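Chemist: My questions concern the predicted model and sequence given below.
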Amino acid sequence: MVAAWKAAGFSFNKYLAITARVVRRSLKEQHRLAAERRGDMDLKMAKWEGGKQLDSKPLSNPAAPHSS
């Protein structure tokens, strides 16, 4: 028997993202806002040389507005 997410053509990570979004949307307002904040993430790219971090820069998601 094939897992439902695999049969639907999703990767496991995509399946987890969809289910997390559904759960967050089903929560009451107060808990939903806290859960949505936990879901936010900031990505940075860092250049390493000789075991030392040289510089890093934030990677912004073009589909979402940057919140600082």
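Modeler: Cool, got the structure. Residues are numbered from 1 along each chain as shown.

Chemist: and the longest helix for the chain?
Modeler: helix 12-26 (DSSP state H).

Chemist: What's the first helix or strand after that one?
Modeler: Sequence order places helix 29-39 as the next helix or strand after helix 12-26, per DSSP states H and E.

Chemist: Contacts for that following helix next, please.
Modeler: Here helix 29-39 makes contact (Cβ atoms under 8 Å, 6 or more residues apart in numbering) with 20, 23-25, 27. Bear in mind the C-beta positions are built from the backbone N, C-alpha and C, glycine included.

Chemist: quick revisit: the longest helix of the chain: which residues count as buried?
Modeler: Neighbour counts over helix 12-26 (16 or more other Cβ atoms under 10 Å) mark residue 24 as buried.

Chemist: Distance from that helix to the middle of the chain?
Modeler: 10 Å (Cα atoms, centre = their mean, to the nearest Å).

Chemist: Next: stretch 3-10.
Modeler: Computed by Cα atoms, centre = their mean, the chain-centroid distance of stretch 3-10 equals 20 Å.

Chemist: got the CA coordinates for it in PDB?
Modeler: What follows is stretch 3-10, C-alpha atoms only, in PDB (Å, rounded to 0.1, in the frame of the first residue of the first chain):
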ATOM      1  CA  ALA A   3       1.300   6.300   1.400                       C
ATOM      2  CA  ALA A   4      -1.400   8.900   0.500                       C
ATOM      3  CA  TRP A   5       1.100  11.700   0.000                       C
ATOM      4  CA  LYS A   6       3.200   9.600  -2.300                       C
ATOM      5  CA  ALA A   7       0.100   8.500  -4.300                       C
ATOM      6  CA  ALA A   8      -0.900  12.200  -4.700                       C
ATOM      7  CA  GLY A   9       2.500  13.000  -6.100                       C
ATOM      8  CA  PHE A  10       3.800  15.000  -3.200                       C
END
